[in-house]
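[1] show me the folded form of this:
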Amino acid sequence: DTIRQAGRTLREALGAVPGVKIWDLGADPCGLVTFTVAGKAASDVHKALLARRITTSVTSDNTSYYDYLDRQLPPLVRASVHTCTTQEEIEVCVEAVREIEV
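    A predicted model of the protein is given here:
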């Protein structure tokens with residue numbers, strides 16, 4: 001499935017960036033990729049990506065109430081891939097996150 005593969009690609013590439021933690025669970029995650037950047041608020045990462053024309057959102061207990069309670073999650077950055085997401089767009093996103101971390 002194209003979306004799952006794009007999500008897997010983004011998840012693996014972001015997970016290789018120092019300071020980035022992937023929070024997704026499950027044996028076969030979908031195209032929603034949630035992550036944090038060490039020392040950075042999720043809202044600041046979201047704003048920095050938006051300034052680079054990369055659309056993400058910030059999850060909170062309002063969006064995943066029970067998961068947040070059970071796992072005591074911090075606010076997370078959520079990137080969403082789709083069938084039209086290209087490898088180049090994934091690489092641009094990962095590089096932007098890498099630059100935020102620096």
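[2] and the next element down the chain from the helix or strand containing V33?
    V33 is located in strand 32-37, with elements delineated by DSSP states H and E. Next helix or strand after strand 32-37 toward the C-terminus (DSSP H and E): helix 42-51.
[3] average pLDDT for that next one?
    Confidence for helix 42-51, expressed as mean pLDDT, is 96.
[4] which helices and strands does the following helix or strand past it pack with?
    Next helix or strand after helix 42-51 toward the C-terminus (DSSP H and E): strand 57-59. Under the contact criterion of 3 or more C-beta pairs under 8 Å, 6 or more residues apart in numbering; DSSP states H and E, strand 57-59 touches helix 42-51, strand 76-80. All C-beta atoms are positioned from the backbone trio N, CA, C, and that covers glycine.
[5] each with direction, which strands does strand 57-59 pair with?
    Pairing partners of strand 57-59, with direction, according to DSSP bridges: strand 76-80 (antiparallel).
[6] one step back: tell me which of the helices and strands packed on strand 57-59 is the most buried.
    strand 76-80 (a mean of 22; mean count of other C-beta atoms under 10 Å).
[7] for the next helix or strand along the chain from that strand, which positions count as buried?
    Helices and strands here follow DSSP H and E; after strand 76-80, the next one along the chain is helix 87-101. By neighbour count on 16 or more other C-beta atoms under 10 Å, the buried set for helix 87-101 is I90, C93, V94, A96, V97, R98, I100.
[8] residues in contact with the last one?
    Just to be clear, that refers to I100. V37, K40, V45, A48, L49 (C-beta atoms under 8 Å, 6 or more residues apart in numbering).
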